[in-house]
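S.K.: Here is my input; please provide its structure:
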Amino acid sequence: MLLAGEVTDSEAWAGLARTASTLGAALLGLPLGNLAARFGRRAALASGWWVAASGSALLVLAAQVGMVVPLFIGLLLIGAGSAVSLQARFAATDLAEQHHKGRSLALIVWVGTIGSVLGPNLGVPGQAIGDRTGLNVYAGAFLIVTVCLAFAGLIVFLWLRPDPLLLLHHAVPKPAVSAGRKRSRVRLILSELRGNSAARFAVLAILTAQIVMVAIMTMTPVHITHHGGSITIVGITISLHIAGMYALSPLVGLVADRYGHRLAIGSGITIFLASLVIGALKPYSTGWIILSLILLGVGWSFVNVAGSALFSTIISDETRASSQGGVDALSNLCGATAAFAAGPLLAVSSFSTLAVLAIVILVPLTVLNMRRDRTL
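M.R.: The predicted structure follows:
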């Protein structure tokens with residue numbers, strides 16, 4: 001994030017600031033999931049958007065007066081937006097028919113393309129607002145973000161009725177729970193995962209996709225610029241990568257629903273492997289690296305969307321929202337860890353080595369996906 005470098009005036013602090021929003025999403029994922037489990041999707045999604053809006057408001061202050069503490073707090077809080085965006089894809093499956101859950105989830109992921117395209121281009125309207133209000137371009141851009149996030153929370157709060165999760169809870173009879181079985185939601189989640197191999201496989205797919213994608217995507221701009229590539233090339237590469245992540249998600253949902261989650265995940269693994277082999281063999285060719293990043297995005301889409309759809313299908317109603325929030329939190333934490341570790345790895349080795357290590361990370365998921373399981 002350019003704002004991090006501008007406010008901290010230190011590459012080390014700026015790097016830490018850039019991971020703060022991901023860490024915020026990881027920290028807030030499970031609480032938002034628990035909130036949904038207790039009070040429904042409407043309460044959780046609206047609250048998440050409003051927390052993100054408050055974080056964005058702090059970033060307006062940080063950008064305008066150059067304050068580091070509001071910068072870090074704002075980035076942590078704005079991570080709630082990422083956590084809510086992830087929870088929204090699960091919310092779409094609450095009332096979906098069993099054979100349409102993949103399609104419903106994928107459509108929410110696909111809509112994320114709009115934000116991914118518009119978000120990096122808020123500089124121009126931010127500058128226009130700054131010309132009229134005296135704010136600098138970063139503060140103006142985050143003022144737009146603040147208003148949009150607050151409005152999103154208001155829309156959800158007013159119009160997400162009836163609440164899909166509460167409706168699902170009323171539609172599905174709950175088994176009687178004795179006092180001895182009343183445990184914390186975390187223990188309930190862990191207990192279910194221990195006895196649900198398909199859920200464990202889905203979690204592994206989601207986490208593997210996030211680790212592989214983030215590790216490579218984060219270091220690609222650094223790799224390109226270190227070998228003479230321009231900022232324009234970096235922008236084009238990342239834009240095409242994001243398009244690969246989101247644009248084909250409806251197709252992924254269709255494949256998962258019609259042909260099974262295992263086939264969709266296997267297709268994603270194959271695309272991941274193609275991307276990583278290209279990155280390992282052609283690290284200094286701009287054209288090949290761009291192709292590699294496009295395939296990396298498509299591979300992530302197949303594995304993540306299919307894994308998320310499988311998890312939504314296989315998890316019990318008793319732990320549904322909390323489990324989904326926990327998986328999202330863990331996914332964001334793994335992504336932040338991968339981004340943090342990828343930098344030193346690239347510094348002491350090479351982009352090819354990073355790609356090879358990513359292939360190694362794919363091995364457990366590949367082996368499990370080859371096993372026969374009717375639930376997949």
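S.K.: so where is the stretch 151-300 of the chain shaky, pLDDT-wise?
M.R.: 171-186 (pLDDT under 70).
S.K.: Which stretches in it count as helices?
M.R.: Here the stretch 151-300 of the chain has its helices, by DSSP state H, counting those that start in this stretch, at 164-171, 185-194, 197-226, 231-246, 249-259, 261-281, 286-314.
S.K.: before we move on, what about the stretch 1-150 of the chain?
M.R.: 2-8, 11-39, 41-65, 68-91, 101-118, 123-133, 137-159.
S.K.: Report the distance from the third one to the chain centre.
M.R.: Translated: helix 41-65. Here the centre of helix 41-65 is set off from its chain's centre by 18 Å, with Cα atoms, centre = their mean, to the nearest Å.
S.K.: So which elements touch it?
M.R.: Counting by 3 or more Cβ pairs under 8 Å, 6 or more residues apart in numbering; DSSP states H and E, the packing neighbours recorded for helix 41-65 are helix 2-8, helix 11-39, helix 68-91, helix 137-159, helix 164-171. Bear in mind the C-beta positions are built from the backbone N, C-alpha and C, glycine included.
S.K.: Please identify the deepest-packed of these.
M.R.: The highest mean neighbour count among these, using mean count of other Cβ atoms under 10 Å, belongs to helix 68-91: a mean of 24.
S.K.: Specify the angle between it and helix 249-259 in degrees.
M.R.: For helix 68-91 against helix 249-259, the angle by axes from the mean of the first three to the mean of the last three Cα atoms, to 10 degrees is 40 degrees.
S.K.: C-alpha coordinates for helix 68-91, PDB please?
M.R.: Provided in PDB are the C-alpha atoms of helix 68-91 (Å, rounded to 0.1, in the frame of the first residue of the first chain):
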ATOM      1  CA  VAL A  68       1.600   6.100  12.400                       C
ATOM      2  CA  VAL A  69      -0.600   4.800  15.200                       C
ATOM      3  CA  PRO A  70      -3.900   5.600  13.500                       C
ATOM      4  CA  LEU A  71      -2.400   4.000  10.400                       C
ATOM      5  CA  PHE A  72      -1.800   0.600  12.000                       C
ATOM      6  CA  ILE A  73      -5.100   0.600  14.000                       C
ATOM      7  CA  GLY A  74      -7.000   1.700  10.800                       C
ATOM      8  CA  LEU A  75      -5.400  -1.100   8.800                       C
ATOM      9  CA  LEU A  76      -6.200  -3.700  11.400                       C
ATOM     10  CA  LEU A  77      -9.800  -2.500  11.600                       C
ATOM     11  CA  ILE A  78     -10.300  -2.300   7.800                       C
ATOM     12  CA  GLY A  79      -9.300  -5.900   7.700                       C
ATOM     13  CA  ALA A  80     -12.900  -6.500   8.900                       C
ATOM     14  CA  GLY A  81     -13.900  -5.700   5.400                       C
ATOM     15  CA  SER A  82     -12.000  -8.600   4.000                       C
ATOM     16  CA  ALA A  83     -13.400 -10.900   6.700                       C
ATOM     17  CA  VAL A  84     -16.900  -9.800   5.900                       C
ATOM     18  CA  SER A  85     -16.400 -10.300   2.200                       C
ATOM     19  CA  LEU A  86     -15.300 -13.800   2.800                       C
ATOM     20  CA  GLN A  87     -18.200 -14.500   5.100                       C
ATOM     21  CA  ALA A  88     -20.600 -13.100   2.500                       C
ATOM     22  CA  ARG A  89     -19.700 -15.900   0.100                       C
ATOM     23  CA  PHE A  90     -20.700 -18.500   2.700                       C
ATOM     24  CA  ALA A  91     -23.900 -16.500   3.500                       C
END
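S.K.: Which strands and helices lie in contact with it?
M.R.: helix 2-8, helix 11-39, helix 41-65, helix 101-118, helix 286-314, helix 320-348.
S.K.: What is the burial count for Leu345?
M.R.: 16 (other Cβ atoms under 10 Å).
S.K.: returning to that earlier point: may I see the helices of the stretch 1-150 of the chain arranged in CSV, with distance to Asn304 as well?
M.R.: Listed next are these as CSV, based on distance: least, Cβ to Cβ, whole Å:
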stretch, distance to Asn304
helix 2-8, 26
helix 11-39, 15
helix 41-65, 20
helix 68-91, 10
helix 101-118, 8
helix 123-133, 29
helix 137-159, 22
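S.K.: sorry, back to before: out of the helices and strands packed on helix 41-65, which gets nearest to Ser349?
M.R.: Ser349 lies closest to helix 11-39 among the helices and strands packed on helix 41-65, at 18.5 Å (Cβ to Cβ).
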